[in-house]
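*Asks:* Let's see this in three dimensions:
(2 chains)
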Amino acid sequence: MVGWEVPIGAAIAFSFGAIGTGWAQSRIGAAGAGAIAEKPETAGTIIILEAIPETLVILGFVVAAMIILMVK
Amino acid sequence: MDWGYINARMRGMKSRLLDHHTLDNLVLQPDLDSLENELEKTPYREDLIEARGRYSGMPAIEHALRANFVRTFRKILDFSKEKEAALYISIFLHRWDIQNIKTVLRGKNIHITNEEILECIVPAGELDEVTLTELVRQPDMKAVIDLLATWSIPYAKPLTTAFPEFAKSGDLGMLECALDQYYYEDALLAVKGTSRNNAMIRDILSLEIDVVNIKTALRMIRDGVAPEEAGKFLLPGGRDLDAKKLDRLLALHTIEDALAMLAATRYRFLTGTPETALRAQKISVIEKQLERYLVQEGVRSFVGDPLSVASLIGYFWAKYNEITNIRVISRCKTADFSIENLREELVYV
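*Replies:* I've put the predicted structure just below:
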């Protein structure tokens, strides 16, 4: 029987990843918008840079999934 | 306050400033026409084409540079609407207001035509072209100051206070010094907080104050002005030179002694001033070295923290230096200056 700790643990793992991603993307997004405004040709690079922090939330999701699936 | 956005834009704009190679290419142009053609290959193209519609030769270049400068700083002001950034930018832009008011007062003092005064105005500050044109249309200096007071423009206050003394002595320096003192006091007061950005702005302002004070002190020493009289023209708030040091500097009798005293400060590079310039009492050589130092220190800010006002300070000085360099090149082309001498006049950063 799984207790309440498991979903809470999974939620914490996912939410911190999401918050980290949001914070990083906001900073990269602001600087990226500035860079694109001055040099539109950098748009491709900026979009890739903007996507990099997504790995954080994916990692959080994987850890959350592992907690739910593996903790019995 | 999101400095990331402003920093990215500043760096993007800096990448469009003329590099060493392009500047050198401008220096190598044989005459003004070829210089104009070469400038058309740079970001000044748009402004130059517009200016060429109304002027030709040197005035066209002057107008293009002025229009580019004004447009650039209006653009920065437009995208930096947040309170903190707007405050720092306004500190930099107010100096153009001061410069423009000085230009109007100088013009009125020597009774040149309104058109000639307007030619020398750079409306990059908060006083726009319409306001400045109205100031220029006033019949005399008193009317200019009264109009500033009527519009509740703060620069009227130091001018009104200093005007009776000017009326007695006829020395325009009194009014100009009052304006400078007001500008630096006001700017230092605006950044008196303890934040890192405030400290950076304070640092560059106090460096400028030192430079202005050294220039003033050297001129006073050269002209043999009494220290008590000369002290009135100095600005408080310097970085290395406080009131006591400045008093000691003004008490000296020769420029050589003054430079020897400055050897103990960060301005020790002035001791390398050529003997011939010192013997001829040529302050301009020393002033040039000080200006070069100020520009280099300002542009060096660019390597500071990207999430601060550093890139803004760096860009301001880099752009100012670029415009100055192009003006020097174009003026030297009309004066038939040698390439070597011209290169010496430029400040590469």
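*Asks:* Report the closest residue of chain A relative to chain B.
*Replies:* A:Glu38 (2.5 Å; Cβ to the nearest Cβ). Glycine gets a C-beta too; all of them are placed from N, C-alpha and C.
*Asks:* how many other residues sit next to A:Ile48?
*Replies:* 9 (other Cβ atoms under 10 Å in any protein chain shown).
*Asks:* Then the one 5 residues further on?
*Replies:* Neighbourhood size, A:Pro53 [other Cβ under 10 Å]: 20.
*Asks:* dump the residue contacts of the residue of the stretch 1-150 of chain B found nearest chain A.
*Replies:* The minimum distance from the stretch 1-150 of chain B to chain A, using Cβ to the nearest Cβ, falls at B:Gly12 (2.5 Å). Contact analysis of B:Gly12 by Cβ atoms under 8 Å, 6 or more residues apart in numbering or on different chains lists A:Gly34, A:Ala35, A:Ala37, A:Glu38, A:Lys39.
*Asks:* Does it lie in a helix or a strand, and which?
*Replies:* helix B:3-15 (DSSP states H and E).
*Asks:* check which helix or strand covers B:Gln281.
*Replies:* Judged by DSSP H and E, B:Gln281 forms part of no helix or strand.
*Asks:* Quick one: residues contacting A:Arg27.
*Replies:* B:Gly4.
*Asks:* picking up where we left off before, wait, what's in contact with the residue nearest to the residue of the stretch 1-150 of chain B closest to chain A when sequence neighbours are not counted?
*Replies:* Leaving aside its sequence neighbours, B:Gly12 sits nearest to A:Glu38 (Cβ to Cβ, 6 or more residues apart in numbering or on different chains; 2.5 Å). For A:Glu38, the contact set (Cβ under 8 Å, 6+ apart) comprises B:Ala8, B:Arg9, B:Arg11, B:Gly12, B:Met13, B:Ser15, B:Arg16.
*Asks:* Can you tell me which of these are buried?
*Replies:* B:Ala8, B:Arg9, B:Arg11, B:Gly12, B:Met13 (16 or more other Cβ atoms under 10 Å in any protein chain shown).
*Asks:* Just send the residues you listed back as CSV, with pLDDT too.
*Replies:* Formatted as CSV, the buried ones among the contacts of A:Glu38 follow (pLDDT from 0 to 100):
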residue, pLDDT
B:Ala8, 95
B:Arg9, 95
B:Arg11, 94
B:Gly12, 95
B:Met13, 96
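*Asks:* what's the helix or strand for the residue nearest to the spatial centre of chain B?
*Replies:* Centroid-nearest residue in chain B, with Cα atoms, centre = their mean: B:Arg95, separated by 7.3 Å. Using DSSP H and E, B:Arg95 maps to helix B:83-109.
*Asks:* Report the backbone C-alpha coordinates of whatever helix or strand comes next after that helix in PDB.
*Replies:* Sequence-wise, the next helix or strand downstream of helix B:83-109 (DSSP H and E) is helix B:114-119. Taking C-alpha atoms only, helix B:114-119 is exported to PDB below (Å, rounded to 0.1, in the frame of the first residue of the first chain):
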ATOM      1  CA  ASN B 114      19.600  81.800 -34.400                       C
ATOM      2  CA  GLU B 115      20.400  79.600 -37.400                       C
ATOM      3  CA  GLU B 116      24.000  79.300 -36.400                       C
ATOM      4  CA  ILE B 117      23.100  78.400 -32.800                       C
ATOM      5  CA  LEU B 118      20.600  75.700 -34.100                       C
ATOM      6  CA  GLU B 119      23.400  74.200 -36.200                       C
END
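*Asks:* How far off centre is helix B:114-119?
*Replies:* Relative to its chain's centre, helix B:114-119 lies at 20 Å (Cα atoms, centre = their mean, to the nearest Å).
*Asks:* Around chain B, pick out the residues from chain A.
*Replies:* A:Arg27, A:Ala30, A:Ala31, A:Gly32, A:Ala33, A:Gly34, A:Ala35, A:Ala37, A:Glu38, A:Lys39 (Cβ under 8 Å from any Cβ of the partner chain).
*Asks:* Just the closest of those to B:Asp247, please.
*Replies:* Nearest to B:Asp247 among those: A:Gly34, at 47.0 Å, using Cβ to Cβ.
*Asks:* Is the closest one within a helix or a strand, and which one?
*Replies:* helix A:5-38.
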